[in-house]
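[1] Dropping a prediction and its sequence here:
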Amino acid sequence: MFNVLFAASEASPYIQTGGLAEVAGSLPRALAAEGCNVRLVLPAYRTLKTGGLRVIGTSFLTLSGWSSPSLVQRLHVGPRIELCLVHRPEFFDRPGGPYADDRGKPWPDNPERFSFFSHAVSALAMHIGEDGWRTQIVHANDWQTAVVPLLLHDQPQRPGTLFTIHNLAYRGLCDYAAFTRLHLPASSWHYEGLEFYGQCALIKGGLVYADRLTTVSPTYAREIQEPLFGEGLEGVLKVRSHALTGIMNGIDVDVWDPTCDPVLAANYDATNLGSKQANKHALQTFFGLPVRADRFLIGSVSRFVAQKGIDLLLEAIPTLLRYPIQVVFLGSGDRDLEARIQTMAAAYPEQVAVKIGFDVDLSHQMFAGLDAFAMPSRFEPCGLAQMYSQRYGTVPIVHRTGGLADSVFDAEDTARGTGFVFDDISPQGLEHAIWRALQVFNKPAYWQQLQRKGMACDFSWTQSAESYMKLYREMRGR
């Protein structure tokens, strides 16, 4: 099989701020199960959780342009998988998260921090370890590791490079003065390199120089080649369309399993949907709502940002609450959106409730206890929540975009329907989708058909890992 160096800025369970971490935590394990030897590379953040992992090796790598070598530790994770930590105290030994301080303010030297990390990944990719390890494939992810393919591009006998776009909206922008501190080839300051309308877009290091490109869903791969979702990079992506593949993310089906999830009020499966009601009652109780089985309980587990369409749901609520509907929110983000949700909950205490912040156990209880899950994202490269909801028999209501379009099929499709999909990205479009869902909810036999079809979907990493393996084989044969 392959020796894969998998580079990311975050990975669960070690450190997580979003969906990238879930992918970077799960996909390497799936690749290892396919027979790959995988080394997952992360920065050695102060807040990294590595308790219980055994150090099995250390090395010092000389990095071109940087004043001192980089210490890399190897830790044993499991069969065929190791965790490699890149140390640089002035960059990574800081309070707060991977990208921002403990007040949420982005670190001003993020381009330099992740350029250093990418130099270390590139050096590690060319390094032959004492154990005989020789990297065959480097798999980089998002702008934080996007210059790895650039740094390896002209190296003799280099490994193949694959770059995955998780969200094109984050491009790693900086000005020319910052670019000069990143120790990148001067020749890459060019419109066919990293230059982007007078700025540097680090993500172009992957878009332009990687052997192969992937995104996290087939629909998103098409969308980013058009101006609406291309973030100014659609021209580059059209030129490289022959190298671009959309591969759906998966979820960890061992962690997300309603039959044995330890945090649920009651476990259940598709043959025992009656037990799901205990989770609905527990959720209504937690949020202080009337415990009523006949109330249509809709929820959102999300970052409160414009991308996720939370504002559309807020604008739709006054109309929706004319019906026997309850709406609950879990998440955090934009302070204005947080305040608007709290105001709505105060105005309608028997129908709307919110918990600000993120609670992993509560998110599991949400997916189990809701009747329907609202995900009206304006754009969504892949999305995982709609997969969790279907696995837990909670019917998704989604905007037809990106990975939502690839993983949720409308109830009108009697063969495949698992949810409710709308095209008009407006409060009225969302209202109509929820109204359609409510009509079916009031027909229990039809509703349970939707639930069971969603629960039967295979959202595991197996199929996705096989698709990546196919790309690896093509790259190795280049």
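    Here it is on my side, so go on. Numbers count the residues shown, from 1 in each chain.
[2] Next, the contact list for the closest residue to residue 182 other than its chain neighbours, please.
    In space, and not counting its chain neighbours, residue 182 is closest to residue 115: 3.9 Å by C-beta to C-beta, 6 or more residues apart in numbering. Heads up, the C-betas are built off the backbone N, CA and C, glycines and all. Contacts for residue 115 (C-beta atoms under 8 Å, 6 or more residues apart in numbering) come out as 147, 182, 183, 184, 202.
[3] got it, and residue 226?
    By C-beta under 8 Å, 6+ apart, residue 226 lies in contact with residue 234.
[4] Would you mind measuring from it to residue 416?
    In this view, residue 226 and residue 416 are 26 Å apart by C-beta to C-beta, to the nearest Å.
[5] got it, and residue 62?
    Separation of residue 62 from residue 416 (C-beta to C-beta): 54 Å.
[6] ok, now residue 84?
    42 Å.
[7] Which residue ranges of the stretch 201-350 of the chain form helices?
    Remark: helices assigned in the stretch 201-350 of the chain by DSSP state H, counting those that start in this stretch are 204-209, 218-223, 227-230, 234-239, 276-286, 310-320, 335-347.
[8] Of those helices, which is nearest residue 375?
    helix 310-320 (9.5 Å; C-beta to C-beta).
[9] Which residues does that closest one contact?
    Helix 310-320 is contacted by residues 300, 302, 304, 327, 329, 331, 333, 337, 340-341, 344, 348, 352, 374, 376, 425-428, 430-431, 434-435 when judged by C-beta under 8 Å, 6+ apart.
[10] remind me which residues of the stretch 351-478 of the chain are low pLDDT?
    For the stretch 351-478 of the chain, the stretches flagged by pLDDT under 70 are 477-478.
[11] Can you show me the helices along it?
    360-369, 385-391, 402-407, 427-441, 444-456, 462-476.
[12] mind giving me JSON lines with those and columns for mean neighbour count and distance to residue 143?
    Putting these into JSON lines (neighbours: other C-beta atoms under 10 Å; distance: least, C-beta to C-beta, whole Å) gives the following:
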{"stretch": "helix 360-369", "mean neighbour count": "21", "distance to residue 143": "26"}
{"stretch": "helix 385-391", "mean neighbour count": "25", "distance to residue 143": "23"}
{"stretch": "helix 402-407", "mean neighbour count": "25", "distance to residue 143": "18"}
{"stretch": "helix 427-441", "mean neighbour count": "19", "distance to residue 143": "31"}
{"stretch": "helix 444-456", "mean neighbour count": "17", "distance to residue 143": "33"}
{"stretch": "helix 462-476", "mean neighbour count": "17", "distance to residue 143": "20"}
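[13] what's the closest of these to residue 217?
    helix 402-407 (3.5 Å).
[14] going on from the helix or strand of the chain with the lowest mean pLDDT, what's the next piece of helix or strand?
    Lowest mean confidence among the helices and strands of the chain (mean pLDDT, DSSP states H and E): strand 54-61, at a mean of 91. The first helix or strand that comes after strand 54-61 along the chain, using DSSP states H and E, is strand 70-78.
[15] Report the next helix or strand after that following strand in sequence order.
    Next in sequence after strand 70-78, counting helices and strands by DSSP H and E, comes strand 81-87.
[16] Which strands and helices lie in contact with that following strand?
    Where contact means 3 or more C-beta pairs under 8 Å, 6 or more residues apart in numbering; DSSP states H and E, strand 81-87 is packed against helix 19-33, strand 37-43, strand 70-78, helix 110-126.
[17] Identify the spatial nearest neighbour of residue 25, chain neighbours not counted.
    For residue 25, ignoring the flanking residues on the chain, the nearest one in space by C-beta to C-beta, 6+ apart is residue 12 at 3.5 Å.
[18] thinking again about what came up before, reformat the helices of the stretch 351-478 of the chain into JSON lines and put distance to residue 2 next to each item.
    Shown next, in JSON lines, are these (distance: least, C-beta to C-beta, whole Å):
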{"stretch": "helix 360-369", "distance to residue 2": "32"}
{"stretch": "helix 385-391", "distance to residue 2": "27"}
{"stretch": "helix 402-407", "distance to residue 2": "26"}
{"stretch": "helix 427-441", "distance to residue 2": "43"}
{"stretch": "helix 444-456", "distance to residue 2": "32"}
{"stretch": "helix 462-476", "distance to residue 2": "5"}
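[19] Which one of those helices lies nearest to residue 52?
    Here helix 360-369 is closest among the helices of the stretch 351-478 of the chain (C-beta to C-beta), at 18.9 Å.
[20] mind saving the C-alpha coords of that closest one as PDB?
    Provided in PDB are the C-alpha atoms of helix 360-369 (Å, rounded to 0.1, in the frame of the first residue of the first chain):
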ATOM      1  CA  VAL A 360     -20.600  17.500  22.600                       C
ATOM      2  CA  ASP A 361     -22.900  15.400  24.700                       C
ATOM      3  CA  LEU A 362     -25.900  17.700  24.200                       C
ATOM      4  CA  SER A 363     -25.200  17.700  20.400                       C
ATOM      5  CA  HIS A 364     -25.700  13.900  20.400                       C
ATOM      6  CA  GLN A 365     -28.900  14.300  22.400                       C
ATOM      7  CA  MET A 366     -30.100  16.900  19.900                       C
ATOM      8  CA  PHE A 367     -29.600  14.700  16.900                       C
ATOM      9  CA  ALA A 368     -31.400  11.900  18.800                       C
ATOM     10  CA  GLY A 369     -34.200  14.000  20.200                       C
END
